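K.L.:
Any chance you could fold what I've pasted below:
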Amino acid sequence: MSKQLIIEPSGQQLSVFDGETLLDAAMREGFNMPYGCKNGSCGACKGKVLQGKVVHGDHSPTALTAADQANGLALFCCATPVSEQVSIECREVAATKDIQIRTLPTRIEKINKVSHDVAVLTLKLPSTEKLAFLAGQYIDIHTKTGNKRSFSIANSPAQEGFLELHIRKVPGGEFSSYVWDTLQEREIFRFTGPLGSFFLREDSDKPIIFVATGTGFAPIKGMLEHAFAQNMQREMVLYWGCRSLHDLYMPELPAQWQQQYPNFSFIPVLSEPKAEDQWTGRTGLVHEAVLADFPKLDHYQVYACGAPVMVEAAVNAFVAHGLPTDEFYSDAFFSSQQVK
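P.N.:
Numbers count the residues shown, from 1 in each chain. Below you'll find the model as predicted:
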C-alpha cells in the first residue's frame, strides 16, 4: 500500500511505498533532495511538512529538535508518511540531477599512513569505468562483513581513474581497525556513490570560507583542488581545527597552496596545543577564529565539515553574524558507534 508525496514548489507527485522514507521515495523517483548522512544525524535533509503527518525513525535530537518538530519540520531521510497524502517543501539540488549513483568494484592501490591516526587510501577504479562526481561528495564502502561505511572523496573529479579517502583510526571502529591492522594493497572492495549534497557550488562569485576539523579536511581538499583546476578566482580561506600539532595530518599541502595561489589562505587552529608543539599560531575553537577575522558574514559562502558539535556551533554563530542560512553548506562526521 503506497501513500502520496507532493513536493513543493515544483508540484511533483510520487508514491511512497511501505517501509520507504520520504528521501528513499524521492531518490527512487529521480528527485534530488539535499541530503548527507541518510541516518538522521546531520540535518542536511531537514525541511517543512506543509500538509499531512509523518513519523520519524531513529535520529539525532540535535539534527531535529522538539522545537523543530513543533514548527512542522521533518528529517526526510528518516520520516515516513502516516497520512494518505503528505505535502512537503523542498527544492531540488539541480547539480546532482545528472550524476548517476552506481555500485562498482575498486582495488586498494595504496595505503599511506600519513599520521598517528589517519591513513590515506588510494582506490583504483576499473579501467573500463568512469565515475562522475561533484567535488565534496562521498561514497559508501561495502565492508567484508556486509556493512556500509561512508567516506568523503578527497580528490577532485578531474583526477580520473582513482578515489582518495582519508580514514581516521577510531577505537573499536570496524572498518578503520581493518584498514590499520589488516588491509593489504590490491584488495578488492565494492562501493556505492557518489552520494550527498555537500559539494562546491560553482554558480556564485561570493568569497568562500572553508571550516574543517580533523578528517573533515578530506572533502574540502577535493573542493579546493577542483577550484584550483578550474582556475577559480574567488577569494578562499581554509580554517582547519585540530587539538594539537600532531593531529594536523597534512598541513604542508594547504601551506603549499597558499604559496601557489594568491586567492587562497590557510589558517590552522589548535584547541589544545601541547608544550612540545611550541605553537605560535591561532588557538581556541575553530569557528570562533573565523568570527574573529570575519565579524560580518553577509556576503560569504561557508562550507563546514567535521565534528557535529563544530558544525552545529558554526551554523548558529555564523547565521547570528549575518550569514544567509542558504549559504551554509555542511557535512557532519559521525563514527559507526554514533550512528547505531
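
K.L.:
pLDDT weak spots in the protein?
P.N.:
333-340 (pLDDT under 70).

K.L.:
ok, and for stretch 300-317, which residues are buried?
P.N.:
For stretch 300-317, a neighbour-count test (16 or more other CB atoms under 10 Å) marks 300-308, 310-315, 317 as buried. Glycine gets a C-beta too; all of them are placed from N, C-alpha and C.

K.L.:
Hmm, I typed the wrong one, I wanted stretch 18-35.
P.N.:
Under 16+ other CB under 10 Å, the buried positions of stretch 18-35 are 20-27, 31-35.

K.L.:
Need these in TSV (columns: distance to residue 234 and secondary structure).
P.N.:
Output for the buried residues of stretch 18-35, formatted as TSV (distance: CB to CB, whole Å; DSSP: H, G, I helix; E, B strand; the rest coil):
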residue	distance to residue 234	secondary structure
20	39	coil
21	36	coil
22	34	helix
23	31	helix
24	35	helix
25	36	helix
26	31	helix
27	31	helix
31	30	coil
32	24	coil
33	27	coil
34	22	coil
35	26	coil
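
K.L.:
quick one on the thing from earlier: filter the buried residues of stretch 300-317 down to the ones in helices?
P.N.:
308, 310, 311, 312, 313, 314, 315, 317 (DSSP state H).

K.L.:
Next, count neighbours for residue 129.
P.N.:
Per other CB atoms under 10 Å, the neighbour tally for residue 129 reads 11.

K.L.:
Quick check: phi and psi at it.
P.N.:
Main-chain dihedrals, residue 129, degrees, to the nearest 10: phi -120, psi 140.

K.L.:
Apart from its neighbours in sequence, what residue is nearest it?
P.N.:
residue 104 (5.8 Å; CB to CB, 6 or more residues apart in numbering).

K.L.:
what is that neighbour paired to in the beta sheet?
P.N.:
residue 191 (DSSP bridges).

K.L.:
what does residue 242 give?
P.N.:
Applying DSSP bridges to residue 242, the residues it is bridged with are residue 270.

K.L.:
separation between it and residue 282?
P.N.:
Look at residue 242 and residue 282: by CB to CB, to the nearest Å, they are 11 Å apart.

K.L.:
Between those two, which is the more surrounded one?
P.N.:
In this view residue 242 and residue 282 are compared by other CB under 10 Å, and residue 242 has more residues nearby, 22 against 18.

K.L.:
check contacts around that one.
P.N.:
Residue 242 is in contact with 213, 214, 248, 268, 269, 270, 271, counting by CB atoms under 8 Å, 6 or more residues apart in numbering.

K.L.:
Check the burial of the nearest residue to residue 108 once chain neighbours are set aside by counting its neighbours.
P.N.:
Excluding its sequence neighbours, the residue lying closest to residue 108 (CB to CB, 6+ apart) is residue 187, at 4.8 Å. As a burial measure, residue 187 scores 13 neighbours (other CB under 10 Å).

K.L.:
try residue 142
P.N.:
Neighbours around residue 142, by other CB under 10 Å: 16.

K.L.:
Surely it is in contact with residue 192?
P.N.:
Yes. Counting by CB atoms under 8 Å, residue 192 is a contact partner of residue 142 at 7.2 Å.

K.L.:
For these two, list the residues in contact with both.
P.N.:
Joint contacts of residue 142 and residue 192 (CB under 8 Å, 6+ apart) are 103, 148.

K.L.:
Could you chop this structure up by domain?
P.N.:
3-92, 98-195, 208-332 (automatic domain parsing).

K.L.:
now for those domains, which one comes closest to residue 201?
P.N.:
domain 208-332 (6.9 Å; CB to CB).

K.L.:
Now do the end-to-end distance for that closest one.
P.N.:
18 Å (CA to CA, to the nearest Å).

K.L.:
Which parts of the stretch 151-300 of the chain are helices?
P.N.:
Along the stretch 151-300 of the chain, counting by DSSP state H, counting those that start in this stretch, helices occupy 174-181, 217-229, 252-260, 286-293.
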